[in-house]
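Asker: predicted structure and sequence below. I'll ask about it afterward.
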Amino acid sequence: MRQIVLVLIIFLLVFLGCATTQERLLDSDASQLQLRSIQTRAFDTKDKVKTLRTVIATLQDLGFVIDKADSILGIVSATKLENYILRITVTVRPRGETQLLIRANAQYNVEPIKNPELYQQFFTSLEKAMFLTAHHAD
Amino acid sequence: MRILLVLFLISVFFITGCQTIPKDALSLSPEARVLAQRQLQTRKYQTPDEAKILAACAGLLQDMGFNIDESETKLGVISSSKTRSANNAGQILVALLTGLPAEREQRMRACVVTRPVGENGEYVAVRVTFQRIVWDIEGNVTRSESLTDPKIYIEFFDKLSKAVFLEAQEL
């Protein structure tokens, strides 16, 4: 009995604990298509710079400090420290003639955030600042 | 004994499985708090020249010992950081009393964001935010936080006003 328990504990530690470096590096365990749709919304505007500025202002309202921003690539990265470390990268790129696609991906301490609810909250905050509705991209 | 084992197994599950992310990590705090925070961290200056204000901010951050990490004029962003000792008398006393390792160093970050405001963009709003991570002598993170003491922001904008020869106005 005791041996079985011991084996079970070791098993748990090994299998729950670690993935391979390749899996960690490429996050290949996640369904990347599904994640992309959770992380992406479309907005009816063509103004990339104004949108990026709104993203930056929203991140500041959410308590983030901006790490870097690039208007040509349409990228903003930011960090929130609240006894945890939350990093987020937001990209803005054109979609068709009338829309911009905004994608956000975030990590909480050492874990990627995959919870759709949290991304929804981010886009809800962004909608308010943009005065525009976020459309699901697909 | 068996109960202990079960408890242990459950804790293994929880610790290795996943951390819970605070529900409000990506949602806005109540309006009043967001507004108060924004007002504390923001001043506006009567000038259409955003680049001039941004350059003054870069100079001011240098005066305060920060190194510029990133800047993007087109979006009005400068981010900067510095590493400083976290030692002070109080810290050492606390460490002696509690036996916990003393805090050794801290990485402090400051970010300035400017944007044109007003009907015709006749103002430039400046928002500055500060945060820091503190490590103890063993290299563990002891604190990671936003710095929200109003005095910090008042001093920053006092200095900025002097640097640009303009009066800072509340939002």
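Answerer: Nice, I can see it. Please read all numbers here as calculations on a predicted model, not as lab measurements.
Asker: what's opposite the residue nearest the centre of chain A in the beta bridge?
Answerer: By Cα atoms, centre = their mean, chain A has its centre lying nearest to A:Asn105, at 1.7 Å. Per DSSP bridges, the residues bridged to A:Asn105 are A:Thr89.
Asker: run through chain B and note the low-pLDDT ranges.
Answerer: B:1-19 (pLDDT under 70).
Asker: and if we set it to 80?
Answerer: B:1-19, B:88-96, B:99-101, B:171 (pLDDT under 80).
Asker: what's the spacing between the residue nearest to the centre of chain A and B:Ala32?
Answerer: 30 Å (Cβ to Cβ, to the nearest Å). Backbone N, C-alpha and C define where each C-beta goes, glycine included.
Asker: residues making contact with the host helix or strand of B:Ser144?
Answerer: In this structure, B:Ser144 sits in strand B:141-146 according to DSSP states H and E. The contact list for strand B:141-146, computed with Cβ atoms under 8 Å, 6 or more residues apart in numbering or on different chains, reads A:63, A:65, A:80-85, B:103, B:129-136.
Asker: if we go to 6 Å?
Answerer: Applying Cβ atoms under 6 Å, 6 or more residues apart in numbering or on different chains, the contact partners of strand B:141-146 are A:Gly63, A:Leu81, A:Ile85, B:Glu103, B:Gln131, B:Ile133, B:Val134, B:Trp135, B:Asp136.
Asker: list the strands paired with that strand, with their directions.
Answerer: strand B:123-136 (antiparallel).
Asker: can you give me how far the partner strand is from the chain middle?
Answerer: Relative to the centre of its chain, strand B:123-136 is centred 3 Å away, using Cα atoms, centre = their mean, to the nearest Å.
Asker: with stretch A:56-67 instead?
Answerer: 14 Å.
Asker: quick one: is that stretch near chain B?
Answerer: Yes: judged by Cβ under 6 Å from any Cβ of the partner chain, stretch A:56-67 comes into contact with chain B at A:Ile56, A:Gln60, A:Asp61, A:Gly63, A:Val65, A:Ile66, A:Asp67.
Asker: please identify which pair of those residues lies farthest apart.
Answerer: A:Asp61 and A:Asp67 (16.6 Å; Cβ to Cβ).
Asker: tell me which stretches of chain A form helices.
Answerer: Along chain A, the stretches classed as helices by DSSP state H are A:2-17, A:21-26, A:32-39, A:48-61, A:116-130.
Asker: now, of those, which is deepest in the fold?
Answerer: helix A:48-61 (a mean of 21; mean count of other Cβ atoms under 10 Å in any protein chain shown).
Asker: list of residues touching that helix?
Answerer: A:66, A:71, A:74, A:76, A:78, A:90, A:92, A:100, A:125-126, A:129-130, B:34, B:75, B:113, B:115, B:127.
Asker: quick one: buried ones out of those?
Answerer: Taking 16 or more other Cβ atoms under 10 Å in any protein chain shown as the criterion, what is buried in the contacts of helix A:48-61 is A:66, A:71, A:74, A:76, A:78, A:90, A:92, A:100, A:125-126, A:129-130, B:34, B:75, B:113, B:115, B:127.
Asker: among the contacts of strand B:141-146, the buried ones, what's the ChimeraX command?
Answerer: Those of these that count as buried under 16+ other Cβ under 10 Å are selected in ChimeraX with:
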select /A:63,81 /B:103,131,133,134,135,136
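Asker: quick one: average confidence on stretch A:126-137?
Answerer: Averaging pLDDT along stretch A:126-137 yields 90.
Asker: could you check it against chain B for contacts?
Answerer: No: Stretch A:126-137 stays clear of chain B (Cβ under 6 Å from any Cβ), getting no nearer than 7.7 Å.
Asker: ok, back up a step: now the residues of stretch A:56-67 next to chain B as TSV including pLDDT?
Answerer: As requested, the residues of stretch A:56-67 next to chain B are exported to TSV (pLDDT from 0 to 100):
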residue	pLDDT
A:Ile56	97
A:Gln60	96
A:Asp61	95
A:Gly63	94
A:Val65	96
A:Ile66	97
A:Asp67	96
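Asker: in CSV: these, plus distance to B:Ala58.
Answerer: Shown next, in CSV, are the residues of stretch A:56-67 next to chain B (distance: Cβ to Cβ, whole Å):
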residue, distance to B:Ala58
A:Ile56, 17
A:Gln60, 18
A:Asp61, 23
A:Gly63, 23
A:Val65, 16
A:Ile66, 14
A:Asp67, 16
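Asker: and these, which is closest to B:Gly59?
Answerer: Nearest member of the residues of stretch A:56-67 next to chain B to B:Gly59, counting by Cβ to Cβ, is A:Ile66, at 18.9 Å.
Asker: who in chain A is up against chain B?
Answerer: Residues of chain A lying near chain B (Cβ under 6 Å from any Cβ): A:5, A:12, A:16-17, A:52-53, A:56, A:60-61, A:63, A:65-69, A:71, A:81, A:85-86, A:108, A:118, A:121-122, A:125.
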